[in-house]
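Novice: Here is a sequence with its predicted model. Questions after.
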Amino acid sequence: MCGHTIFAHTNHGTVCGVEHSNLGQRTTKGRYPLHLHMAGDAPDMVIRSNSIHDTHNRGMVIHAMRNMEVKDNTAYSTLGHNFMLEDGVEENNKLIHN
């Protein structure tokens, strides 16, 4: 309960077909079910066909990452935003069929 997944300072990785449930920490900053954090240019990051539901703090948060594709994910019954771009420096990302 209340765990989280974070890819921090890496511009490559794969999260495909994963169910994220009962995750996120409302009282701790930066603890989201799926958090992609400060990797800069990330065209090799693959985030596809995941489900995020029944969370305690948002769904998927993208912070300071560019040129990545987030495709075919489902987020529902989250506390807060389902998909969030954190502070405005996220550029050229493609959020497709979510």
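Specialist: Right, received. Where do you want to start? Numbering: from 1, shown residues only.
Novice: Over to residue 78. Which of the three states is it?
Specialist: Secondary structure, DSSP: H, G, I helix; E, B strand; the rest coil: residue 78 is coil.
Novice: Hmm, residue 61 and it touching each other?
Specialist: No - look at residue 78 against residue 61 with Cβ atoms under 8 Å: they stay out of range, at 10.9 Å. Backbone N, C-alpha and C define where each C-beta goes, glycine included.
Novice: any idea how far stretch 30-48 is from the chain center?
Specialist: What separates the centre of stretch 30-48 from the centre of its chain is 6 Å, taken as Cα atoms, centre = their mean, to the nearest Å.
Novice: got it, and stretch 24-44?
Specialist: So, by Cα atoms, centre = their mean, the centroid of stretch 24-44 is 6 Å from its chain's centroid.
Novice: center of the protein, which residue is that?
Specialist: With distances taken as Cα atoms, centre = their mean, the residue of the chain nearest its centroid is residue 60 (2.9 Å).
Novice: Let me know the pLDDT of that residue.
Specialist: pLDDT, residue 60: 98.
Novice: do the same with residue 1
Specialist: pLDDT, read off for residue 1, is 65.
Novice: do the one 10 residues further on as well
Specialist: Reported pLDDT at residue 11 in the predicted model: 95.
Novice: Could you measure from residue 41 over to residue 94?
Specialist: Counting by Cβ to Cβ, to the nearest Å, the separation of residue 41 from residue 94 is 14 Å.
Novice: So between these two, which is more surrounded?
Specialist: Counted by other Cβ atoms under 10 Å, residue 41 and residue 94 do not tie: residue 41 has more neighbours, with 13 against 9.
Novice: Tell me the bridge partners for that one.
Specialist: Residue 41 has these beta-bridge partners by DSSP bridges: residue 66.
Novice: next one: residue 16
Specialist: Under the criterion used (DSSP bridges), residue 16 bridges to residue 48.
Novice: pretty sure it is touching residue 51, no?
Specialist: No - the pair residue 16 / residue 51 is not scored as a contact, 11.5 Å apart, by Cβ under 8 Å.
Novice: pLDDT below threshold where in the chain?
Specialist: 1 (pLDDT under 70).
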